[in-house]
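Colleague: how would this look folded up:
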Amino acid sequence: MRNLCPICNGLPSHTKNAGVAQFLQIHAGVAATKTKSHFCNSCNFVWHENGLSENQAARLYKEYRGEKYNQTRIKLEKEYKEISQSFEDLKSDYYRERAGELDAIFRNYKGEIKNTLDYGGDALFSNWIFPFAQNDFFDLSQETSAPTQDCKYDVIFMFHLLEHVNYPLVDLAAAYELLRPGGLLITQVPREFDPPLPRAFQLTPDYSGALMNMHEHMNFFTEKSMQEISKKTNIPLLGSHFMKWSGLVSFFTDNEQWLDYQSILNYESKRLETQMNDQFQELRAIGRTNSNASNLPRFIKKIINSSKKSKNT
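Modeller: Predicted coordinates for the structure are as follows:
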């Protein structure tokens, strides 16, 4: 049971009743059907009281997203079928966009990276981004390519792991021990809510099901959460940045030269511009087929009219 905040070890500011996903009960052997969802105002952090035991975690992450996992989850959660297809297709937008965001971060440093460690993953992205580096991995199912002897890495990735573990600070500190002086530990955690996390917690259960239903994600972070983690572990945090596909990306390092924010911002601006152009094209297509419809929203009519004028000039 995690009654205290896993970051600051303080009492929760607010608590709500929550359920446990049926998938965890069946696939991971979690006996509990109910839990509590806690919010820590000091850390802007939300966590589910019931963590996973070692045995439950082993059952959940053995052959993670494999055939048995997918069959059980799709049977219980019909909507997961489409999601699982994105995970299986390495050319899907999910993978391509995340790779693009990582490429924007490391664009100016690729030649300097000699070795990397994917802590909690399979080195898929690091092999894509750094094809000429030594890319080791160590994942939650105990599979590893990392050398047994002491090795210090230039870059350590911790992609979408901290939301899955009982005590995020323990895993972060363990990974940081493997980093060379001046190296970079980069974490990603999902951003699962549009409003700020405290507001999302306030709006539950009607607004945010994940906060009120324990599934694989047991922890929910904000920029302030990462700042508090940095303070508690004494691991320097250069900054955190929200990216569309990668979520909340945080950069732990004592080397201030590491991060090229401008490359990140340029990539995000270009991506947003492309996204907006796609949306406008869709709206114009709607307008061309419904140009006489009186019930179109005013802002769509404006786009349609501007499109017509540009064609006539």
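Colleague: so where do the helices sit in the chain?
Modeller: Secondary structure of the chain (DSSP state H): helices at 22-27, 54-61, 67-76, 80-88, 93-106, 124-129, 168-176, 197-203, 223-233, 261-289, 298-312.
Colleague: I'd like those written out as TSV, with distance to Leu117, mean neighbour count and mean pLDDT added.
Modeller: All C-beta atoms are positioned from the backbone trio N, CA, C, and that covers glycine. TSV is the format used below for these (distance: least, Cβ to Cβ, whole Å; neighbours: other Cβ atoms under 10 Å; pLDDT from 0 to 100):
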stretch	distance to Leu117	mean neighbour count	mean pLDDT
helix 22-27	28	18	97
helix 54-61	18	15	92
helix 67-76	25	15	95
helix 80-88	22	13	91
helix 93-106	15	18	87
helix 124-129	8	19	93
helix 168-176	8	19	95
helix 197-203	29	17	88
helix 223-233	18	20	97
helix 261-289	22	13	61
helix 298-312	48	12	48
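Colleague: and His38, which of the ones you listed is closest to it?
Modeller: Smallest distance to His38 across those (Cβ to Cβ): 9.3 Å, for helix 197-203.
Colleague: now the nearest residue to Gly121 once chain neighbours are set aside, which residues is it bridged with?
Modeller: Sequence neighbours aside, Phe159 is the residue nearest to Gly121 in space, at 5.3 Å (criterion: Cβ to Cβ, 6 or more residues apart in numbering). Phe159 has these beta-bridge partners by DSSP bridges: Gln188.
Colleague: so who does Phe159 touch?
Modeller: With contact taken as Cβ atoms under 8 Å, 6 or more residues apart in numbering, Phe159 is in contact with Asp118, Gly120, Gly121, Phe125, Thr187, Gln188, Ser246.
Colleague: torsion angles phi and psi at the last one?
Modeller: Looking back up the chat, that one is Ser246. phi -90, psi -20 (degrees, to the nearest 10).
Colleague: and it, how far is that from Gln188?
Modeller: Remark: distance between Ser246 and Gln188 (Cβ to Cβ, to the nearest Å) = 5 Å.
Colleague: Tyr176 now?
Modeller: Between Tyr176 and Gln188 the computed distance is 16 Å (Cβ to Cβ).
Colleague: what's the answer for Tyr167, then?
Modeller: 18 Å.
Colleague: looking at those two, which is more packed in?
Modeller: In this view Tyr167 and Gln188 are compared by other Cβ atoms under 10 Å, and Gln188 has more residues nearby, 23 against 14.
Colleague: against Arg107, how distant is that one?
Modeller: From Gln188 to Arg107 the distance is 18 Å (Cβ to Cβ).
Colleague: spatially nearest residue to Asp118 (excluding sequence neighbours)?
Modeller: Once flanking residues are discounted, Asp118 sits nearest to Phe137: 4.1 Å by Cβ to Cβ, 6+ apart.
Colleague: can you give me the pLDDT of that neighbour?
Modeller: With respect to pLDDT, Phe137 scores 91.
Colleague: check contacts around it.
Modeller: Contacts of Phe137 by Cβ under 8 Å, 6+ apart are Leu117, Asp118, Tyr119, Gly121, Asp122, Ala123, Ser126, Glu143, Thr144, Ser145, Ala146.
Colleague: swap in Thr204?
Modeller: Thr204 touches Lys16, Ser37, Leu211, Met212, counting by Cβ under 8 Å, 6+ apart.
Colleague: which of these has the most neighbours?
Modeller: Going by other Cβ under 10 Å, Ser37 tops these with 26 neighbours.
Colleague: separation between Phe87 and Asn9?
Modeller: Distance from Phe87 to Asn9, by Cβ to Cβ: 35 Å.
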